[in-house]
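> Whatever this is, show me its structure:
(2 chains)
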Amino acid sequence: MHFIKKIVYTSMDYNYNEIEKKWQDYWRSNKTFKAENISEKPKYYVLDMFPYPSGAGLHVGHPLGYIASDIYSRFKRHKGFNVLHPMGYDAYGLPAEQYAIQTGQHPAITTEKNIARYREQLDKIGFSFDWDREVRTCEPSYYKWTQWTFIQLFNHYYNNKTNKAESIADLVKIFKTEGNKNVNASTTQNDVFTAEAWKAMTEKQQQEMLMHYRMTYLSDTMVNWCPQLGTVLANDEVVGGLSVRGGYPVERKSMRQWSLRISAYADRLLQGFDKLDWSDSIKEIQKNWIGRSEGAEVDFKLAEGEQFLRIFTTRPDTIFGVSFMVLCPEHEVISSITTFEQKSEVESYLQWAKNRSERERQAEVNKITGVFTGAYAINPLTHEEIPVWISDYVLAGYGTGAIMAVPAHDSRDFAFARHFKLPIPQVVLPSGEQPEDTSLWKESKDSKEGTCINSGFISGMNVKDGIKAVIDFVEKEGIGKRMINFRLRDAIFSRQRYWGEPFPVYYKEGMPYMLDESKLPLELPEVDKYLPTESGEPPLARAKNWQTEDGFPLECNTMPGFAGSSAYYLRYMDPRNDNEIFSKEANTYWQNVDLYIGGAEHATGHLIYSRFWNKFLFDLGLCVKDEPFQKLINQGMIQGRSNLVYRVVGTNQFVSYGLKDNYETQAIHVDVNIVDADILDTEKFRNWMPDFANAEFILENGKYHCGWEVEKMSKSLHNVQNPDDLVIKYGADTLRMYEMFLGPLEQSKPWDTKGIEGVFRFIRKFWKLYHNENNDFCVTDEKTTAAELKVLHKTIKKITEDIERFSFNTAVSSFMICTNELNELKCHKHEILQPLAVLISPYAPHLAEELWERLGNLNSISTADYPVCNETYLVENTFNYPISFNGKTRFQMEFPIDTATSDIEKAVLSNPDAQKWLEGKIPKKVIIVPKKIVNIVI
RNA sequence: GCCCUGGUGGUGGAAUUGGUAGACACGCAGGACUUAAAAUCCUGUGACCAUUGCGGUCGUGCGGGUUCAAGUCCCGCCCGGGGUACCA
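Next up is the predicted model:
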């Protein structure tokens, strides 16, 4: 009812539905926002994180970033830039495949359908995307280049000397002439071999050796295996031992998998930040994820035999305080060093540790477990014998899988030493303290600063000097060296799933080989079921003839989600190129993304993978910039605002919010779409669910008031707002401006439709500046007044400043203020209203286009120049000084702008109001800041 | 635990470089128009005290500090949101 009334009345004035459709059609048929790769104009590349097209469609949270980037794109066009503003779909993904498993419907069909829905929703909001450049990661013409890049990764290794990826063919040449003794590469093997030894290897042995160097490599690694999803996951896809998608438990398991040697780029990924305009918080998250630690690798000789244990430490100065060593349960020397007496105990511990899930291990961090191997090592500085233990608090994946324990100064070592009654020698003394009896300590002292004590030749040094002295010593002795360690692990790149890019890989005698580039794309085959085979192979193993023309079997794993999303921004530059990933010309013109807007949840996944991928392509000389995203903005989450009704326990009665405390009630989430301004539509409620058909209500003043809460937007909480309904009810321009008006782009904020009416009112007021009571266009050529010009130019200035600092919420209020002021001035003048239409067009493009046309212009408003502020209209002759006493403002006085401060002082002090506040006292001091404030100190 | 964020009216928020705290909007209250309602327009709206008018006191999570002047800078806490977690 409410809804129909609105349509009727709006057709009387601003008919947004008709106008918005008209201009969306116009933009589509005129390709208004097509970006050319050749242009005289300077370029500007604005990118949104492309969406995964889920079945639920867009909710109001999704377009927030898209609206901001669209405003900026349109602004930049007005400013004379050639703007690249594309959109596409991250189309591979688990939900479509899970749906396929359940229903048998091919994920391509589900995906296609979802994309169509997304497109329809996006179109209705009036985005200025260049749709000719749309990409979909699941299209063969797109993933051809994902596969192609994989081949390049396979054919390159990372040269630490030149600090870039170089060709494997060149590496083979070096191996042939001099072996690997002079090679400093990022590698997973340490053996040194000669040219002769290389030549003596079989092809298979050579391939196995090269695998340790390739940027993507096949290896047996401990992976995150998720049984419920039937696939392995990368580290960023696991949080707290559970899969991010679906929340299923994840186990550690050794499997033969493809990995990307992203760790080779760890240092460059860190250094790259200096040049980037990203928020500190997102840089910080990535820095922590990469986790650079400076320290040393030191070898501890075993007391028996010639073997040694290599450890990594950031605190070489504390070696004097090492009283035992600990190995991870997976450590390879365990079997050879364990003594006969300890053997059975060690074996049962290893068995126990192996069966412990990742989740249990993380949940029971405080549970101290471990076993003594019976072996002893020699502390290289004290030369004392120290016991070697095994415990799963030492991780196989970091450092060397073995640690030197410094119980006095490390909390985990301390807890372990206390539990197993091992000695705790103190070696660092914080300044101002005396050495203590460590047996009385309740916890370790993690002394990052202080003086070394009980530490041989470094006793008396401060920690920093001690570290340096010890490293120099171990390097001289040849038992250790300076070392930088990273937390960042190589990314596991295989997935045991159907709906992803096939690897361009076949196997010959168990060794992988790349398909010839001419065979790309290797298209995803049809399968009868989207499940693993009975023997546990991935779904692709079900495909018929999944082999090369020569009969060699093809890889059955597929690539992970981040494969297709790691270089899509580059493909947008030249998306229909079938001969290369993108042309040199296109890349040289577009360079990299100037502005990237998206959610902060991609900090440790997509944003790191993309930077890695881009740096690799940069090393190959394919792209001209080594960082993909110059400026990054993370839009905040839009939370849902839920409504609650209160059922009297055990009845079918619902009591209004204000009266609920008189009853024992149960709160129930109610669909926010049947609530208006917290007032429940009781009739709709009865029809909402069969359970409530006979609901009775206890009302307040004849109305049912709902309670409310801010929480995440989700179907199950019935608080999802989708943009389509709002576009129908208020129009796209109102939705766009309202989403911006909600608050700062980067902050999380609750969605509340209450306020949208205010923006809707504003849009109509704005329309009425150009129209009379009969909705006839009424803009005149009358001469402007100084007051009108001042309003216009003040607004130009403010809006331009706001847009440049991405403060869209304050820009919207400035438009409101401007409209209110022009309305008051009854201004309907062309000279004011034409530039104003351009000013608002990035925000409310449909409205602006319509007004632009009515103003007599023939081209799209997007071709108009952005108005320039003329400061001369803003010059003030006087300033209204706040007069404050001891910092408290009491009254105001107006003075001409150029009044001398001495004159101001005189005038203020003789003012009767001032006399009242002075209470006859003589001011100690009078501070006058021109055009700011007068402060009188008494 | 560690790291990053944020905390301002009934609500969303503004205050860009230390200079009149609460712009703009929602909501609410009152009024105009109307047979009535919707829409629109006008007025008021931080709290408290006073109210006949003038006014006054307090106030940006809490406690200190720097300053003529602090939402803004410094120190110490509290609370919310996000990230990360045996990383040696």
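> average model confidence for stretch A:685-695?
Averaged over stretch A:685-695, pLDDT sits at 86.
> er, stretch A:46-66 actually
Mean predicted lDDT for stretch A:46-66 stands at 90.
> any idea how far residue A:232 is from the residue of the stretch 101-250 of chain A at minimum distance from RNA strand B?
Residue nearest to RNA strand B within the stretch 101-250 of chain A (Cβ to the nearest atom of the strand): residue A:239, separated by 4.9 Å. Quick note: C-beta positions are derived from backbone N, CA and C, even for glycine. Per Cβ to Cβ, to the nearest Å, residue A:239 is found 16 Å from residue A:232.
> what about the two, which has more around it?
residue A:232 (24 against 12; other Cβ atoms under 10 Å).
> Next up, the contacts around the nearest residue to residue A:703 once chain neighbours are set aside.
Residue nearest to residue A:703 in three dimensions, not counting chain neighbours: residue A:679, with 5.2 Å by Cβ to Cβ, 6 or more residues apart in numbering. For residue A:679, the contact set (Cβ atoms under 8 Å, 6 or more residues apart in numbering) comprises A:703, A:704, A:705, A:706.
> will you turn those into TSV that also has distance to RNA strand B, secondary structure and neighbour count?
Output for the contacts of residue A:679, formatted as TSV (distance: Cβ to the nearest atom of the strand, whole Å; DSSP: H, G, I helix; E, B strand; the rest coil; neighbours: other Cβ atoms under 10 Å):
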residue	distance to RNA strand B	secondary structure	neighbour count
A:703	10	strand	14
A:704	14	coil	23
A:705	10	strand	22
A:706	13	coil	25
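> For those residues, give me JSON lines that also has pLDDT.
Below are the contacts of residue A:679 laid out as JSON lines (pLDDT from 0 to 100):
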{"residue": "A:703", "pLDDT": "74"}
{"residue": "A:704", "pLDDT": "81"}
{"residue": "A:705", "pLDDT": "77"}
{"residue": "A:706", "pLDDT": "79"}
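> rewinding a little: mind listing the residues bridging to the residue nearest to residue A:703?
residue A:676, residue A:705 (DSSP bridges).
> from what I can see residue A:641 touches residue A:720, true?
No - using Cβ atoms under 8 Å, residue A:641 is not in contact with residue A:720; the gap is 10.9 Å.
> what residues are shared contacts of the two?
Here residue A:641 and residue A:720 have residue A:672 as joint contacts, going by Cβ under 8 Å, 6+ apart.
> how many other residues sit next to residue A:179?
Residue A:179: 17 neighbours (other Cβ under 10 Å).
> For it, give me the pLDDT.
93.
> give the contact list for residue A:934.
A:881, A:882, A:883, A:884, A:893, A:904, A:905, A:908, A:926, A:927, A:928.
> Can you point out the buried residues in the helix or strand hosting it?
For residue A:934, the host element (DSSP states H and E) is strand A:933-937. Buried residues in strand A:933-937, counted by 16 or more other Cβ atoms under 10 Å: A:934, A:935, A:936.
> Which of those residues sits closest to residue A:164?
Among the buried residues of strand A:933-937, residue A:935 lies closest to residue A:164 (Cβ to Cβ), at 60.5 Å.
> Just give the nearest non-adjacent residue to the closest one, would you?
residue A:927 (4.4 Å).
> on that earlier part again, which of the contacts of residue A:934 fall in helices?
Taking DSSP state H as the definition of helices, those contribute A:904, A:905, A:908.
> returning to what we had before: including pLDDT, could the buried residues of strand A:933-937 go into CSV?
Converted to CSV, the buried residues of strand A:933-937 look like this (pLDDT from 0 to 100):
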residue, pLDDT
A:934, 89
A:935, 89
A:936, 87
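> which stretches of the stretch 801-938 of chain A aren't confidently modelled?
Along the stretch 801-938 of chain A, the model assigns pLDDT under 70 to no residue.
> Show me which residues of it are close to RNA strand B?
A:801-802, A:805, A:807, A:809-810, A:812-813, A:816-817, A:820, A:880, A:882, A:884, A:886-890, A:892, A:925, A:927, A:929, A:932-933, A:935, A:937 (Cβ under 7 Å from any atom of the strand).
> hmm, which of the residues you listed are the buried ones?
Here, 16+ other Cβ under 10 Å leaves A:802, A:807, A:809, A:810, A:812, A:816, A:884, A:935 buried among these.
> And the residues you listed, which two are furthest apart?
Going by Cβ to Cβ, the pair spanning those furthest: A:812 and A:935, at 34.4 Å.
> Quick check: mean pLDDT of the helix or strand hosting residue A:376?
Element membership for residue A:376, per DSSP H and E: strand A:371-378. For strand A:371-378, mean pLDDT rounds to 94.
> Return the distance of that strand from the chain's centre.
How far strand A:371-378 lies from its chain's middle: 45 Å, per Cα atoms, centre = their mean, to the nearest Å.
> since we're on the residue in the stretch 651-800 of chain A that RNA strand B sits nearest to, how many residues are nearby?
Closest approach between the stretch 651-800 of chain A and RNA strand B, counting by Cβ to the nearest atom of the strand: residue A:758, at 2.4 Å. Around residue A:758 there are 12 other residues, counting by other Cβ under 10 Å.
> In terms of helices and strands, where is it?
helix A:756-768.
> And that helix, how far out from the chain middle?
Counting by Cα atoms, centre = their mean, helix A:756-768 comes out at 34 Å from the chain centroid.
> and it, average pLDDT?
The model assigns helix A:756-768 a mean pLDDT of 93.
> now what about it, what contacts it?
Contacts of helix A:756-768 (Cβ under 8 Å, 6+ apart): A:13-14, A:16, A:726, A:730-731, A:733-735, A:737-738, A:741, A:812, A:815-816, A:819-820, A:823, A:840, A:844, A:847, A:851.
> Now do the buried residues in that helix.
So, applying 16+ other Cβ under 10 Å, buried residues of helix A:756-768: A:756, A:759, A:760, A:762, A:763, A:764, A:766, A:767, A:768.
> Pull the contacting residues for residue A:186.
A:157, A:158, A:160, A:213, A:261, A:263, A:264.
> Narrow those residues to those in strands?
A:157, A:158 (DSSP state E).
> Dihedrals phi and psi, residue A:713?
phi -80, psi 120 (degrees, to the nearest 10).
> Go ahead and confirm it touches residue A:722.
No - counting by Cβ under 8 Å, residue A:713 stays clear of residue A:722, with 10.0 Å between them.
> which neighbours do the two share?
Common neighbours of residue A:713 and residue A:722 (Cβ under 8 Å, 6+ apart) are A:59, A:60.
> And these two? Which one has more around it.
The residue with more neighbours, out of residue A:713 and residue A:722, is residue A:713; 21 against 16, by other Cβ under 10 Å.
> follow-up on the earlier one: quick one: which of the ones in helices among the contacts of residue A:934 is nearest residue A:184?
Using Cβ to Cβ, these come closest to residue A:184 at residue A:904, 71.7 Å.
> State the distance from that closest one to residue A:933.
11 Å.
> hey, what's in contact with both of the two?
residue A:881.
> quick one on the thing from earlier: how close does the residue nearest to residue A:935 sit to residue A:899?
From residue A:927 to residue A:899 the distance is 15 Å (Cβ to Cβ).
> cool, residue A:59 as well?
Taken as Cβ to Cβ, the span from residue A:59 to residue A:899 is 57 Å.
> These two: who's more crowded?
More crowded of residue A:59 and residue A:899, by other Cβ under 10 Å: residue A:59, with 20 against 16.
> which residues in the stretch 601-750 of chain A form strands?
A:629-634, A:638-648, A:653-655, A:665-670, A:675-676, A:679-680, A:696-698, A:707-711, A:749-750 (DSSP state E, counting those that start in this stretch).
> Could you identify which of those is most buried?
When the strands of the stretch 601-750 of chain A are scored by mean count of other Cβ atoms under 10 Å, the highest mean neighbour count falls to strand A:638-648 (a mean of 22).
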